[in-house]
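In: Here is a sequence with its predicted model. Questions after.
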Amino acid sequence: MGQNIECLDLEVLEVLSLDGKDFFRLRLSPPKWEWNTGQFVMIRPLSWSYDPFLPRPFSISQLDNEKLEIFFQIVGKGTKLLSQLKNGDKVKVWGPLGHGFKIDLNLPILILAGGMGIAPFIGLVKNHPHPEKLELIFGHRRDLSCYPINELSKKILIWTVRDASQRDIERLKRAIQVKVEGYSSEGQILACGPLPFLNMVHNSCISKQTQVQISLERPMACGIGVCLGCSIPGPSGENFQTCKHGPVFKCEDLSTVCQQIKGIY
Amino acid sequence: MGQNIECLDLEVLEVLSLDGKDFFRLRLSPPKWEWNTGQFVMIRPLSWSYDPFLPRPFSISQLDNEKLEIFFQIVGKGTKLLSQLKNGDKVKVWGPLGHGFKIDLNLPILILAGGMGIAPFIGLVKNHPHPEKLELIFGHRRDLSCYPINELSKKILIWTVRDASQRDIERLKRAIQVKVEGYSSEGQILACGPLPFLNMVHNSCISKQTQVQISLERPMACGIGVCLGCSIPGPSGENFQTCKHGPVFKCEDLSTVCQQIKGIY
Amino acid sequence: MNFKVKIGNLVLKNPILTASGTFGYGLEFEPFGDLKKLGGIIVKGLSLLPRPGNPGDRIAETPCGMLNSIGLENIGINAFLKEKLPYLPWKHTPIVVNLYGEDLQEFEKLAKILANKEEIGAIEINISCPNVKKGGMQFGQDPSSAARVCEIVKKAAESKTVIVKLSPNVVDIKAIAKAVEDAGADSISLINTIPGMAVNPYTRMPKLTNIIGGLSGPAIKPIALRMVYEVAQTVNIPVIGIGGIASVEDVFEFILVGAHAVEIGSASFTNPKLVFEIIKELPTMAKKLGIRGLNEYRGSLYA
Amino acid sequence: MNFKVKIGNLVLKNPILTASGTFGYGLEFEPFGDLKKLGGIIVKGLSLLPRPGNPGDRIAETPCGMLNSIGLENIGINAFLKEKLPYLPWKHTPIVVNLYGEDLQEFEKLAKILANKEEIGAIEINISCPNVKKGGMQFGQDPSSAARVCEIVKKAAESKTVIVKLSPNVVDIKAIAKAVEDAGADSISLINTIPGMAVNPYTRMPKLTNIIGGLSGPAIKPIALRMVYEVAQTVNIPVIGIGGIASVEDVFEFILVGAHAVEIGSASFTNPKLVFEIIKELPTMAKKLGIRGLNEYRGSLYA
Ligand SMILES: Cc1cc2nc3c(=O)[nH]c(=O)nc-3n(C[C@H](O)[C@H](O)[C@H](O)COP(=O)(O)OP(=O)(O)OC[C@H]3O[C@@H](n4cnc5c(N)ncnc54)[C@H](O)[C@@H]3O)c2cc1C
Ligand SMILES: Cc1cc2nc3c(=O)[nH]c(=O)nc-3n(C[C@H](O)[C@H](O)[C@H](O)COP(=O)(O)OP(=O)(O)OC[C@H]3O[C@@H](n4cnc5c(N)ncnc54)[C@H](O)[C@@H]3O)c2cc1C
Ligand SMILES: Cc1cc2nc3c(=O)[nH]c(=O)nc-3n(C[C@H](O)[C@H](O)[C@H](O)COP(=O)(O)O)c2cc1C
Ligand SMILES: Cc1cc2nc3c(=O)[nH]c(=O)nc-3n(C[C@H](O)[C@H](O)[C@H](O)COP(=O)(O)O)c2cc1C
Ligand code: FES
Ligand code: FES
């Protein structure tokens, strides 16, 4: 990967709020890219002056002949401005970036998504040839209607847990632990979500010696491995750039990071 | 003046390009202000982040029950962004600022306008009870269709001179000199335009010992007399703030500035 | 909730002051809010005699900020006392006079004039202006001359609270701060503007006739925050944070790194009601942060 | 039109270089443009041994800019020479190696390694990094130590062109520049980042785990422009301007105040094709300015 990265000015086709407030679907004119679930793009509208300065990273949620779609939540200045884009506006987009999930379409797949961590999986679920092989555990804080869950095939098994309280989080953790064991040998596990969620997944899997692919979020400036802002310490001392070697890592590669998470967050 | 200054969030009612390119009319929901021709407002759209940072000054072109109107040309980042405003957008506006022209509606009035210097006079010409008392000499670089000249009453005398070449400028200068003499005792002369234009007006009038009121443009940060960015040296050593004591000055108050203009510009 | 803070002998009803040179002589802001609500009003820098400032163009916009080379234009201390001070609400909010002297004698004379004026809440010494030839920044770049100005003003000002305003154009701001504290300053305010420049590539002219001016606005906030953090950890007197503050969040960022109060500067140019709006938002923000007072929050950065 | 400039022994086909740390090892930008078109490629700062850099969060956005506290993470000089250099188009565009040593010995060793590598166009000495504990900025804050590093590298590097990159965190940049010129530098580049800080008022955490980082981006352009102007008037060797350059206009602004060449830094993060686009725009901009070459424009500020 890396050879087919392109930087393009794409046109906004649609900006749609899912909850009338904070959750948005942004559709752009589609580039012709080969890509994997879990890869991402850097986005910067042409209308931005130097404030905000940096581009913003988003998972590719869907990409087909009709649109490049990302799914995002307003959390700050940049996402607020993205939500105000109008049809026809131009945005600079480079991608597909990083390494996505390694997926075997013939194996059963357990998806563990926390909140916006659902974003990269939307295209996967919609386009999977055997959706009955997919199972999703979805932990979320905000109302389910905020997320594009009802767009997903009825054929896949979805467990949603609203993790508002400490008790909910314990429930989610147990649900994950129980499921994970079942997949340890026969299938694949993919996870994406906020750091505490990933930490939980990591610990659950490591303790069961289960393989899981985890997509990690780190602050990013370039998305292409040059600023070294997103570096994380790998298991044997060497650094990984999250944007280039990740964002999807094997569980065991993240042990050092997960040890640090408590310190950092 | 100064007592009735207000700072309001006004709504964009219309943004209309006059030439399909650089010249715009911006209409905002009207504040209830008493104001004079030559007063101005500071404008800063709520959508601006910190870049551009400063508000922008514009003459009040018209203000009635229906709209506050300004007429502007794209010359840089700020005016470019203003031209992209959409109906319903909010802009912070404070005014009416400074001292405008002192106008006697019963006297004949000669208006000398250079380019965008036409802006403050549009409302005056449209609403004047005796338009036949008005005469306008209009020097302009761009095509006449860029300016809202055809909106002005047919009853007023308009002399337009396209000052593209040095010869044109000489023609404009002569036209002004000839006219100015006629108004020296019996009427009022009002001028607004770029600095070299004002300089020419100033010199023509001073040499004929004719009174003329000149509206001056200076870089401004606050518009209310506090940053002292717009100060100019008055004739007897004291400083004037263009935003507060002006923007309209008596001709003789600008002698020192006009001497400096060659140095500065 | 109570937002009172003490700076020397002064009690401010809230930590929001106006930065010198960006709030005129105060009265200009009457159309935009109730001056009595302000934590304090710091007026334009005053000198013994009126000063015309620098000639020509003296402001220019830059990315997220601006340059100025006003050169301390002001009406002079006497005109201020006669024409402005009586009309300011000095009984309800402290009036702080920002002082500029070309030499030590001028600073001393200025302080003496203010010593027994009950209408004056405090003195802020400006040893950090980059836009004047004499005095100004050069006093603020060396610990011993900074200390000397401070001592002299402190003595001449008698019981008046003295705030020393530092220049960011130094290698080690902590050393200057310490020197000024030892010299008896009641408080330290920082930062003043940073020397900068802008040019027009088409006309080939500098945007400021003076060529170099002082940079202010959100662009410099990270530098200001760092210096306030360094100084707050070094001295035991209250620190007043200045530099690019443009929102209530920014105010709390400066308090978080150790500031007792803040001054709102060029951001007032973007919205003349800003200081008043920020003061109104203090309680809501405190609630969002889950704090009951500024003391528990000040300097509480997890670091 | 001809945009050639000479820096020491180097001839650049145009004045556009890439700033160290913002262009990786060069190869990462192959998808975005033809590397051969660049005036020169300055790679990430290299040390004798690989360095992991600072732990935790190490970038944060600020108004019109960003902070970084990477702490000179790099793969080490040897890995660079083996794994990156051979694949760079060194025959077509000069490769400039940015060097960081913890002490004088390390600088000397690094320079010796590069002295006889024909693939290396020049050395840029980084005596200005604010993000490392040893070496870094402290070399750049004092004229005599700056001169010492320069002399040693210059000698060890034999005939290689040596550029010294200055720190802006000094009171008098002219004194440092003069010292470095006298010590034999072929060129001076400036500015590196300015120490700054950002915090999250809600979590009460510094945005950088290292607390303090270096500020870059358009926010610092006015400061950079001022320092380049001051240095260009002081030294007779070519000056390379760095700091917030984000457009072809910015490039010409730096040339107008006296720079021979420029480095594009953090702005590349906002658009990975930016350097290539700027190079394409050079002729159009020169035409707009009505100039036939850079020589007639350089330092021609009306001031
Ligand atoms: C590889 C990758 C894929 C992503 N995919 C998605 C996605 O599909 N949908 C989505 O909604 N978001 C996604 N994000 C997160 C998204 O990039 C941030 O929410 C966004 O950059 C915030 O911008 P802002 O200006 O609104 O917030 P800011 O004002 O910059 O920051 C607001 C808050 O968000 C935090 N934040 C800022 N940047 C990041 C970041 N890069 N990662 C985590 N937290 C951050 C800040 O610490 C702060 O608390 C992804 C991030 C990465 C690195
Ligand atoms: C009292 C007053 C009334 C004005 N009325 C009008 C009006 O009715 N219509 C109109 O089109 N313009 C008017 N102007 C000028 C207008 O304010 C500027 O054109 C505008 O601020 C430029 O903003 P910008 O961001 O597009 O340009 P910038 O990118 O800031 O600058 C572009 C160019 O414009 C010049 N410029 C910037 N600000 C000013 C200024 N304040 N005065 C003169 N030149 C400037 C710069 O030197 C530069 O050459 C008025 C100015 C003043 C002071
Ligand atoms: C136009 C202008 C005039 C200023 N005049 C003074 C002054 O007279 N005395 C002084 O101590 N500081 C003066 N300053 C500096 C400000 O008080 C403040 O320290 C600086 O602008 C940084 O804060 P800011 O980024 O919030 O503007 C002035 C600043 C500006 C922009
Ligand atoms: C993420 C990042 C990493 C940097 N790494 C280095 C470095 O290794 N060596 C160096 O001399 N400068 C380094 N710099 C400084 C830049 O080369 C440049 O001097 C500075 O960013 C100012 O330019 P800019 O405003 O255009 O970014 C780095 C800057 C950034 C933003
Ligand atoms: S985001 Fe720049 S290296 Fe990963
Ligand atoms: S614009 Fe600020 S004093 Fe006139």
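Out: Structure received. Ligands and ions are numbered 1, 2, ... in the order given.

In: List phi and psi for A:Leu81.
Out: phi -60, psi -40 (degrees, to the nearest 10).

In: gap between it and A:Val15?
Out: Summarising the geometry, the distance separating A:Leu81 from A:Val15, computed by C-beta to C-beta, to the nearest Å, is 11 Å. Bear in mind the C-beta positions are built from the backbone N, C-alpha and C, glycine included.

In: C:Leu35 now?
Out: Taken as C-beta to C-beta, the spacing of C:Leu35 relative to A:Val15 amounts to 43 Å.

In: which of those two has more neighbours?
Out: Taking other C-beta atoms under 10 Å in any protein chain shown, C:Leu35 and A:Val15 do not tie; C:Leu35 has more neighbours (22 against 17).

In: residues touching that one, list them.
Out: Listed by C-beta atoms under 8 Å, 6 or more residues apart in numbering or on different chains, the contact partners of C:Leu35 are C:26-27, C:29, C:41, C:88-89, C:92-93.

In: Let me see the ranges of the helices in the chain.
Out: Here I'm looking at chain A. Along chain A, counting by DSSP state H, helices occupy A:77-83, A:121-127, A:166-186, A:195-207, A:255-264.

In: should've been chain C
Out: Secondary structure of chain C by DSSP H: the helices cover C:77-79, C:104-115, C:143-156, C:173-182, C:221-232, C:248-256, C:267-270, C:274-289, C:294-297.

In: Reformat those helices as CSV; add mean pLDDT.
Out: Converted to CSV, these look like this (pLDDT from 0 to 100):
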stretch, mean pLDDT
helix C:77-79, 95
helix C:104-115, 94
helix C:143-156, 92
helix C:173-182, 95
helix C:221-232, 98
helix C:248-256, 98
helix C:267-270, 98
helix C:274-289, 97
helix C:294-297, 96
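
In: ok, now which ones touch A:Ile43?
Out: Counting by C-beta under 8 Å, 6+ apart, A:Ile43 touches A:55-58, A:70, A:82, A:91-93.

In: Switch those over to TSV; also include pLDDT.
Out: Supplementary listing: the contacts of A:Ile43 in TSV, determined by pLDDT from 0 to 100:
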residue	pLDDT
A:Pro55	98
A:Arg56	98
A:Pro57	98
A:Phe58	98
A:Ile70	97
A:Leu82	97
A:Val91	98
A:Lys92	98
A:Val93	98
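
In: nearest to C:Val5, of these?
Out: Distances from C:Val5 to the contacts of A:Ile43, taken as C-beta to C-beta, are shortest for A:Arg56 (37.7 Å).

In: need the contact list for the closest one.
Out: A:42-44, A:78-79, A:82.

In: which residue packs closest to C:Arg148, ignoring adjacent ones?
Out: Across the structure, with C-beta to C-beta, 6 or more residues apart in numbering or on different chains as the measure, the residue nearest C:Arg148 apart from its sequence neighbours is C:Leu104 (6.7 Å).

In: Around residue 63, count how many other residues there are.
Out: Using chain A here. The local packing count at A:Leu63 equals 23, with neighbours defined by other C-beta under 10 Å.

In: That was the other one, I meant chain C.
Out: Other residues near C:Pro63 number 30, with proximity taken as other C-beta under 10 Å.

In: I'd assumed D:Ala219 was in contact with it.
Out: Yes: counting by C-beta atoms under 8 Å, C:Pro63 does reach D:Ala219; the two are 5.8 Å apart.

In: which residues do those two both contact?
Out: Common neighbours of C:Pro63 and D:Ala219, counting by C-beta under 8 Å, 6+ apart, are A:50, C:219, D:64-65, D:244.

In: Would you mind measuring from C:Gly71 to chain A?
Out: Shown here: C:Gly71 relative to chain A, a distance of 28 Å by C-beta to the nearest C-beta, to the nearest Å.

In: wait, doesn't that residue sit right on C:Arg51?
Out: Yes: using C-beta under 8 Å, C:Gly71 is in contact with C:Arg51, at 7.3 Å.

In: Which single one of the contacts of A:Ile43 is nearest to C:Ile7?
Out: A:Arg56 (40.8 Å).
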